[in-house]
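Chemist: Need a 3D model of the following:
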Amino acid sequence: MDNSSLIKSYRMYLLLEKALSHNSVNAYMSDLEKLLKYLDSIGKDLLNVELSDLQKMFTTLCEMGIHPRSQARIISGIKSFYYFLELEDQITNNPTEYLESPKVGRKLPEFLTVNEINSIIATIDLSKPNGQRNRAIIETLYSCGLRISELVKLSFSDFFPDEGFLKINGKGNKQRIVPISNSAIKEIQLYLIDRQRSSIEKEFENIIFLNRRGTRLSRVMVFYLVKGCTVQAGIKKNVSPHTFRHSFATHLLEGGANLRAIQAMLGHENITTTEIYTHLEIHFLRSEIIEHHPRNRFL
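Modeler: Model prediction:
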């Protein structure tokens, strides 16, 4: 099988067997493209790569100033490709087996306080045509910890207001059930009154959040909505729609929610991904110890 056929087969493997999103597949293919360019520059073929070749490649990336986190991601992508070649019996020795990633500190996600979220929501002018929709969007992002891709695809068949939950199709088309707050349900239902008065394209009738043309909102539109409200609220943090997901997880953890429950609601496959939210501030931890530790109760 030539390189072109291998690469096509690998892409199908990522899409069908790994069930990755198109964005994730494109990221993996971008990593592979970097490897191909490097191998072309040293006159090596994909199937004849040695560990020393890969080590030299990453030495070069390091010298170019590529961040260790980016290097680690590229290494992960290349390891995935050579694991695929092993599955396909294209190689007998995997050159990435002993390829080490650079040490990368875990970056704590930016999150908002409850007061900051209230300030952002307060900036929304409900007298404007899309005001109620925008308020419902932010309430839903924060109430349910949704990814932006999940929010824009949210449909009426996923919305169960009487039972108080959403059915979410997440990464890899994996389904999960997410509770939704009464305040978010209320804001969505108020928005639906406005939505009924709008002209809606037939193929988008089942989608909840629509733009003024009656079609599905784009991710970029939600990004600009959040940015605009954040600036109006005078908040200096780098806030995106994903920040509400981080805030959702952080506030649940601070409120005493079980880490496994948060993992299920976020749709994380691995608990280690959720553990990044255990970045509670020291004063909060101290207050919890003072309140609950038996040695502090009778002082």
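
Chemist: For stretch 21-32, what is the distance to the chain centroid?
Modeler: 15 Å (Cα atoms, centre = their mean, to the nearest Å).

Chemist: Equivalent analysis for stretch 250-264, please.
Modeler: That offset, for stretch 250-264, works out to 17 Å (Cα atoms, centre = their mean).

Chemist: Quick check: phi and psi on residue 127?
Modeler: phi -80, psi -10 (degrees, to the nearest 10).

Chemist: same check, this time on residue 168
Modeler: Torsion angles, degrees, to the nearest 10, at residue 168: phi -110, psi 130.

Chemist: wouldn't it be in contact with residue 150 here?
Modeler: Yes. Using Cβ atoms under 8 Å, residue 168 is in contact with residue 150, at 5.3 Å. Just so you know, the C-beta spots here come from the backbone N, C-alpha and C atoms, and that holds for glycine as well.

Chemist: sec struct for residue 178, please.
Modeler: Secondary structure, DSSP: H, G, I helix; E, B strand; the rest coil: residue 178 is strand.

Chemist: quick one, what contacts it?
Modeler: 144, 145, 146, 165, 166, 168, 265 (Cβ atoms under 8 Å, 6 or more residues apart in numbering).

Chemist: Which pLDDT does the model give it?
Modeler: If you check residue 178, the pLDDT there is 90.

Chemist: What is the burial count for the closest residue to residue 50 other than its chain neighbours?
Modeler: Nearest residue to residue 50 in three dimensions, chain neighbours excluded: residue 95, at 5.5 Å (Cβ to Cβ, 6 or more residues apart in numbering). As a burial measure, residue 95 scores 20 neighbours (other Cβ atoms under 10 Å).

Chemist: pretty sure residue 95 is in contact with residue 47, am I right?
Modeler: No. Using Cβ under 8 Å, residue 95 is not in contact with residue 47; the gap is 9.9 Å.

Chemist: one step back: now the contacts of residue 178 in TSV, with neighbour count, pLDDT and distance to residue 29?
Modeler: Formatted as TSV, those follow (neighbours: other Cβ atoms under 10 Å; pLDDT from 0 to 100; distance: Cβ to Cβ, whole Å):
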residue	neighbour count	pLDDT	distance to residue 29
144	23	91	31
145	24	91	29
146	28	92	27
165	17	92	36
166	25	92	32
168	21	90	26
265	21	85	31
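
Chemist: can you list those in JSON lines and add distance to residue 250 and secondary structure?
Modeler: What follows is the contacts of residue 178, written out as JSON lines (distance: Cβ to Cβ, whole Å; DSSP: H, G, I helix; E, B strand; the rest coil):
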{"residue": "144", "distance to residue 250": "14", "secondary structure": "helix"}
{"residue": "145", "distance to residue 250": "10", "secondary structure": "coil"}
{"residue": "146", "distance to residue 250": "15", "secondary structure": "coil"}
{"residue": "165", "distance to residue 250": "21", "secondary structure": "strand"}
{"residue": "166", "distance to residue 250": "20", "secondary structure": "strand"}
{"residue": "168", "distance to residue 250": "20", "secondary structure": "strand"}
{"residue": "265", "distance to residue 250": "13", "secondary structure": "helix"}
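
Chemist: Low-confidence ranges, the stretch 51-200 of the chain, go.
Modeler: 103-109 (pLDDT under 70).

Chemist: now the strands for it?
Modeler: In the stretch 51-200 of the chain, the segments counted as strands under DSSP state E, counting those that start in this stretch are 159-160, 165-169, 175-179.

Chemist: Name every strand pairing with the last one and say which way it goes.
Modeler: The sheet places strand 175-179 alongside strand 165-169 (antiparallel), with pairing taken from DSSP bridges.
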